[in-house]
Each structure stands twice: as C-alpha cells, then as structure tokens.
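predicted model and sequence below, questions to follow.
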Amino acid sequence: MFKSACDIIKKSALASASFLAIGAILETAAQLLTLENMLPIFFAYAGVMAIFIGVVGLIGTLVAVMIPKINQQLQACQH
C-alpha cells in the first residue's frame, strides 16, 4: 500500500522526536540512579543511542524534504 509523502514525513518527524524524548528521559534516569550495578550504565548507553537515532532521523527527513520530487509532492499536501 502506497502512503503519501505527507504521511511519511509526519511519521518520520514524530518518530525522531520520540527517540529524542526517550533518550533525554533515559539520560536523566541514568544521572539520577545511584545503584552499584550496571543499570545506570545501560540507561546511559541506551539514551545516547536513542538520541543518535533521533538526530539521524531528523537529518534524514530534512534531506528527504530537499529532494525536488518529494518537495513537489509535499506542496500538494493539505495542512
């Protein structure tokens, strides 16, 4: 099933923002946990990876919007 460019861009931006938010929450949790086990380290690494995935997703969305064919399809979107 073909999805419109509008839906794909919206979902991509939402997913990237969600990864950024989850990464920020995990990093905050890692800073606040004072346990003597591996859990804070796991949260810190997972948070960094989530933030990285979110940034890469936003950059990918930005590059996709700059492609002329996709930009023309987005011009037809009704906001």
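That came in fine, so what should we check first?

CA atoms only for stretch 43-50, dumped as PDB, please.
This file holds the C-alpha atoms of stretch 43-50, laid out as PDB (Å, rounded to 0.1, in the frame of the first residue of the first chain):
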ATOM      1  CA  PHE A  43      20.400   3.600  30.700                       C
ATOM      2  CA  ALA A  44      23.200   6.000  29.700                       C
ATOM      3  CA  TYR A  45      24.200   3.900  26.600                       C
ATOM      4  CA  ALA A  46      20.600   3.400  25.600                       C
ATOM      5  CA  GLY A  47      19.900   7.100  26.000                       C
ATOM      6  CA  VAL A  48      22.800   8.100  23.800                       C
ATOM      7  CA  MET A  49      21.800   5.600  21.100                       C
ATOM      8  CA  ALA A  50      18.200   6.900  21.200                       C
END
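
please enumerate residues in contact with it?
By C-beta atoms under 8 Å, 6 or more residues apart in numbering, the residues outside stretch 43-50 that reach it are 19, 20, 22, 23, 24, 25, 26, 27, 29, 30, 33. (Each C-beta comes from the backbone N, C-alpha and C, glycine too.)

distance of the nearest residue to residue 6 once chain neighbours are set aside from residue 50?
Nearest residue to residue 6 in three dimensions, chain neighbours excluded: residue 77, at 4.0 Å (C-beta to C-beta, 6 or more residues apart in numbering). Going from residue 77 to residue 50 by C-beta to C-beta, to the nearest Å gives 29 Å.

just checking, residue 13 touches residue 59?
No: contact criterion C-beta atoms under 8 Å: residue 13 and residue 59 do not qualify, at 11.5 Å.

who has more neighbours out of those two?
Of the pair residue 13 and residue 59, residue 13 is the one with more neighbours under other C-beta atoms under 10 Å, namely 15 against 11.

secondary structure element holding the more buried one?
Per DSSP states H and E, residue 13 falls inside helix 5-32.

off-centre distance for the helix or strand that comes right after that helix?
Counting by DSSP H and E, the next helix or strand C-terminal to helix 5-32 is helix 39-66. Relative to its chain's centre, helix 39-66 lies at 6 Å (C-alpha atoms, centre = their mean, to the nearest Å).
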